[in-house]
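> A predicted structure for the sequence below; I have some questions about it.
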Amino acid sequence: EENCSCEQKIADFLDGKGVRTRYLFCRVSTKEQAKGESTSLKGQEAELRAALDIAPPIGNVRTRVYNISGSAYKSIPPMMKRVGKAALPGDSIWVWRVDRLSRNVVHYLAWLEELNNRGVEIYAQSENLNYRSDKLAFIQGILDAQKEAAAIGARVKLAYSRKRARGDERVGGLPYGKRYRRITAPDGKTTVRKVVEDNPVEMAIIREIKAAQKKEVPRLTAERLNKRRK
């Protein structure tokens, strides 16, 4: 089951057999955050598994971990929707912290209520919250996360607008093979604007990959680059 996305079929099979499922949702907003340590996917999973190890036994139980890289502000990630639809009464959904589940109360409240009405428990481990018994505190946690996300978005937009105003060639992330170069004032420290140029190291790798396409399958190219830590 680790190699398939067939939770609904598994749930249909288990229905009525006395097996409960604990779904662990580990979520980060970006792929870059997935590599971090503080709220990394592995870090969240470790915290949740540690909490489950000391939880009271509940009979026959299976644990499924879902790692999600994506925002929980504009909509509910599709993976969460699929698992929520498949969850059976007595199953439970666990997140490390409320904001790992949701950052938008408008999008999530109806979904949470529907799960709750079906008998699915929802836990936020860090805050020690259960949606069924701590509903107001749970919703307040989502509201706080929503405010934080809105504030971060406003700061990013302001920073981008300032960079555009000073004449930066681009703002935000760049595609692989490109990099920013600072144009500085005569003092050599103050950034006047930024321009985009080729990244020689990454462009060499791109050329190597394109040349390899004519000679070998992509898997061999990837293995060779991975051995060189590229």
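Yes, it's here.
> Out of all residues in this structure, which is the farthest from the middle?
residue 186 (42.5 Å; C-alpha atoms, centre = their mean).
> What about that residue? Give its phi and psi, please.
Backbone torsions for residue 186, taken as degrees, to the nearest 10, come to phi -50, psi -20.
> tell me the contacts of it?
Not one residue lies near residue 186 by C-beta atoms under 8 Å, 6 or more residues apart in numbering. All C-beta atoms are positioned from the backbone trio N, CA, C, and that covers glycine.
> right, and the helix or strand after the host helix or strand of residue 142?
Per DSSP states H and E: residue 142 is located in helix 135-166. Using DSSP H and E, the next helix or strand after helix 135-166 towards the C-terminus is strand 178-184.
> From the chain's centroid, how far away is the next helix or strand along the chain from that following strand?
Next helix or strand after strand 178-184 toward the C-terminus (DSSP H and E): strand 191-198. Centre-to-centre, strand 191-198 and its host chain are 30 Å apart (C-alpha atoms, centre = their mean, to the nearest Å).
> Keeping just the C-alphas, turn strand 191-198 into PDB.
The C-alpha trace of strand 191-198 is given here as PDB (Å, rounded to 0.1, in the frame of the first residue of the first chain):
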ATOM      1  CA  THR A 191      22.100  47.300  -4.300                       C
ATOM      2  CA  VAL A 192      20.800  49.500  -7.000                       C
ATOM      3  CA  ARG A 193      19.000  46.700  -8.900                       C
ATOM      4  CA  LYS A 194      19.300  43.100  -9.800                       C
ATOM      5  CA  VAL A 195      19.700  41.500 -13.200                       C
ATOM      6  CA  VAL A 196      19.300  37.900 -14.400                       C
ATOM      7  CA  GLU A 197      22.200  36.000 -15.900                       C
ATOM      8  CA  ASP A 198      23.200  32.400 -16.600                       C
END
